[in-house]
Structures are given as C-alpha cells and as structure tokens.
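Enquirer: Can you look at this prediction? I've put the sequence above it.
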Amino acid sequence: MNRLWWLELPAHVFRPAELWKTFRIALIGLPVAVLSLAGNIVLFVLTVVSLALIPLPFIGFTLFPLVTLVTRAVMDVHRRMAGWVGVDIPRPYRPVPSTAPLGTLRRFKHAMTDPATWLDFAWLIPGAISGFVLGLVAFILPTYGLEGVLHVPLLIYGLTGGYGYGVVWPFDNWFEAWTAVPQGALLLTIGLTASPFLMWVHMRFTSFFLAPTKKSQLVERVQVLTDTRAEAVDAQAAELRRIERDLHDGAQARLVSLSMNIGLAEELIRRDPDMAIKLLAEARESSGTALTELRDLVRGIHPPVLAERGLDGAVQALALTVPATVTVDVELPGRLEAPVESAAYFAVAEILANIVKHSAARTAWIHIRHDDGLLTIGVGDDGEGGADPAGGTGLRGIERRLAAFDGTMMVSSPPGGPTVVTMELPCTLSSPKTSPSSGTA
C-alpha cells in the first residue's frame, strides 16, 4: 500500500464507487475490536494455564499443543481480516510432522520449538489493546456520524430514543435536532477518512508479530530449494536413464546390426555378390532408421523448432499435432532463457498429450504471457475434466520440472470439465521480438 495513501482519502470519501468500500473497512472495526479483546484475553489465559500444567503427566503435553492449535486458528482469522484492508500476513508456522499427533511428546516439542508459537503469544495482549482501541474508534466515528445525518428521519419514525444527539452541543427540540445533520456529516467525513488508516495501522502492527520473521523465511526458502533441487536431480537422473535406454534399445542395436551386415557383405562380396548387395541394402535401411531414432531422441532433449523459432513457434508446431482444434495466443516481447524455454515447452507438450489421451476434448486453447518478470502459461480444454496431479497423468512430472525454476502449477478440472492448467515461471527475457504470435491449429 502507498505510504501516502491517506492524503487522497478526503477526495475519495465523496466518490460513490469508493464510498461503500471505505465504509465496509470501517465496519470491520467492530469485529476486530471484539475479537481482539475477548479472543486474545481468553487465549492468553488458556496459554498461561496450559504452560502452568506442563509438569502434570500427559495433561500438559496434550493441552499446550491443543491451545496452540486454537490460537493459530484465531490468528488466521486476524490474517484474513488484515487482507481486507490490504495488509498481507503470510502464515509463519512450521508444518506439523505426520508422525506427531496430539497428545504425543513429539507434537509438544514441535509446538514449543516453533518461534511462531511465542510470537503469537507475545502479540495477544498488545494486539488486544491495539485492536480494541483502534477498531472501536474506526467503527464508532463513521457510524455515529451516519446516525447524525439520519437523525431527523430516525426521530420522525420513532427509531431513536430522543433528541439527545450532539457532537458540538446537545439539543432537546426539533429545531436543534436539524443541527445533527451538519455535525453528523462532518463526523462521517472524518470517520471515513480516518477509519481505513486506523485499521491499516492496527494490521501493520499485527504483521510485526504474526508474519514470518526473516529467519523463518530464510529457513523455509532453504527447505524449498533443497526439495526442488532433490526433485530436479531425480528428474535429471530419470531423463538420463531414459536416454540411455533409448540409445541402448534403439540406435545402438541398429548400429550393431549395421556393422554386422557390412562385415558379412565384405566376406560375401566375391563369393556371393547378390547376397552382399542385399546385406548392404539392409545396412543402408538400418542406418536410415538409426538416424531417424537419433533425431527423435535429440528432439526429445531439445527440439530444433524450439531453438530456431522460440517458444511461440514451437507451441504453434505442437498445436498442429493435436487432433482437437487448438487456439494459440502467445505474447512474448523477447526470447526466454534456454532452460526456462525448454521447461515451458515440455510442460505444454505434456498437457497437450494429456488432452489427447484423457480428456476427449474437441477444442483447446493456449495462452502465454510475460509480464513483470513472470511467465504465465494457461492451457485449457472443453473435455471431460477430472484431471488430478496425484492421478498419474504426468502433471506431477510437470510440477517437478517447474519447481526447479521456482515455478508453480494450478489445476482446475471439475468433473465434466472444463480443465484449466495455469503455470507460472519467474524469468527474464533476452533478445526482443517486435510482434506477438497467435493463431488456431
């Protein structure tokens, strides 16, 4: 959020498109105040009691992790409300081991050694004070101002207790009641101007405690890199085994047969020229087949069309091989780095192969964009749906391939379709290109 955003608030208070949005932020102040005061105090008491009961056998080991679990659920509510005012607070908690159920010593140690547990505890009292005071002020200012603007109609219909409204001075008759309108309008304007700022201040204060620390972010980053590196090494080893198997069973076998045929032809060329000619013809045919297999193998490692025409041209060529009607829309102002380009190409190729094998789709589409250092690829079809990365359809392989580049993949495939696979790869562009590529295959 812009640090000077509140300088523009008086103007946007009077813009109808922003008025309701601003008032909704003010209304959030009431649940924030209630949850901060009541919820945090209760959680603080429960945490202190659970810590005091730790020396008791079993009870302490069970109660403290249970209270921690409830505390984290409430903290997640605060994080969600922070998102409503534009403050993003990621979850900082370490994953719970699958072998550490509630009531075990391992679960207790996990809760005790997670730094986020103690940051949550440290925030309970300061958060209760900050949330109650700022949330209540953010709620009362505009709502009391709105009551002043509507005070006369409320009096007419008997929806208020009496004349006793007044910010500047109290009043007790109809004539003075009309002064509630300008007073309420002034207070409403002040409230709508200040409330978003007050809520933002509280949520920013909250983020100091509930957001991941730099150390925990670094630990998580190292873990992610370790996992993706291991997956990349496994994928590379599997690819090398595939290449070795293809060479051994394909081109190598044919080259051995070719060598044997040529050797026999050398022996028969004087005694049986006709047989020697036949063997040489077979050798020529075997050499052509071996050459084709080698080309296919090289194409599987790095397709020539990808090197020659880039990702857009290679994807267009892929689309031509699919029986369904594929619409391709590629907008890349430059070339991608070769490893990223290859990963993106094979990811699209795998998804198109899944479409042919599993979806029974009649139409499909491919959208590729690069913006702000992020390559976004969307592939969808109108098939039967039901694609699941855990279902052995090759999507897990795509995830591993993308993870090596910090890429992500999201799959939306309800039963009955449509299926949409969205992939994102952080990357930069190299040589510029003047025009986008699009078409239908």
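Expert: Happy to help now that I have it. Residues are numbered from 1 along each chain as shown.
Enquirer: Show me where this structure has its strands.
Expert: 325-331, 334-336, 363-371, 374-381, 408-412, 419-426, 429-432, 437-440 (DSSP state E).
Enquirer: residues of the fifth one that come out buried?
Expert: Pointing back at strand 408-412 there. Met409, Val411 (16 or more other CB atoms under 10 Å). All C-beta spots, glycine's among them, are computed from the backbone N, C-alpha and C.
Enquirer: Partner strands of that strand, with direction?
Expert: Under the criterion DSSP bridges, strand 408-412 sits next to strand 419-426 (antiparallel) in its sheet.
Enquirer: same deal with the second one?
Expert: Listed by DSSP bridges, the sheet partners of strand 334-336 and their directions read strand 429-432 (antiparallel).
Enquirer: can you check the longest one too?
Expert: Applying DSSP bridges to the sheet, strand 363-371 is found paired with strand 325-331 (parallel), strand 374-381 (antiparallel).
Enquirer: Comparing the ones you listed, which comes out most buried?
Expert: Neighbour counts (mean count of other CB atoms under 10 Å) averaged over each of the strands paired with strand 363-371 peak at strand 374-381, with a mean of 20.
Enquirer: Tell me which of the strands paired with strand 363-371 lies nearest to Gly127.
Expert: strand 374-381 (34.4 Å; CB to CB).
Enquirer: next one: the closest one to chain centre, how far?
Expert: 14 Å (CA atoms, centre = their mean, to the nearest Å).
Enquirer: So for it, mean pLDDT?
Expert: Averaged over strand 374-381, pLDDT sits at 89.
Enquirer: where does the chain have low pLDDT?
Expert: 1-20, 151-179, 213, 215-254, 290, 292-303, 390-393, 431-441 (pLDDT under 70).
Enquirer: if we go to 50?
Expert: Scanning the chain for pLDDT under 50 picks out the ranges 1-14, 159, 163, 166-169, 434-436.
Enquirer: for it, what's the longest helix?
Expert: helix 115-149 (DSSP state H).
Enquirer: check contacts around Val343.
Expert: That one is not Val; residue 343 is Ala. Arg401, Leu402, Ala404, Phe405, Gly407, Leu425 (CB atoms under 8 Å, 6 or more residues apart in numbering).
Enquirer: hmm, back to that, in CSV: the strands paired with strand 363-371, plus distance to His367.
Expert: CSV is the format used below for the strands paired with strand 363-371 (distance: least, CB to CB, whole Å):
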stretch, distance to His367
strand 325-331, 5
strand 374-381, 4
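Enquirer: What are the buried residues along stretch 59-67?
Expert: Applying 16+ other CB under 10 Å to stretch 59-67 flags Gly60, Phe61, Thr62, Leu63, Phe64, Pro65, Leu66, Val67 as buried.
Enquirer: Tell me which two in those are the farthest apart.
Expert: Phe61 and Val67 (11.9 Å).
Enquirer: Now tabulate the buried residues of stretch 59-67 in JSON lines and tack on distance to Ala360.
Expert: Converted to JSON lines, the buried residues of stretch 59-67 look like this (distance: CB to CB, whole Å):
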{"residue": "Gly60", "distance to Ala360": "58"}
{"residue": "Phe61", "distance to Ala360": "54"}
{"residue": "Thr62", "distance to Ala360": "52"}
{"residue": "Leu63", "distance to Ala360": "54"}
{"residue": "Phe64", "distance to Ala360": "53"}
{"residue": "Pro65", "distance to Ala360": "48"}
{"residue": "Leu66", "distance to Ala360": "49"}
{"residue": "Val67", "distance to Ala360": "52"}
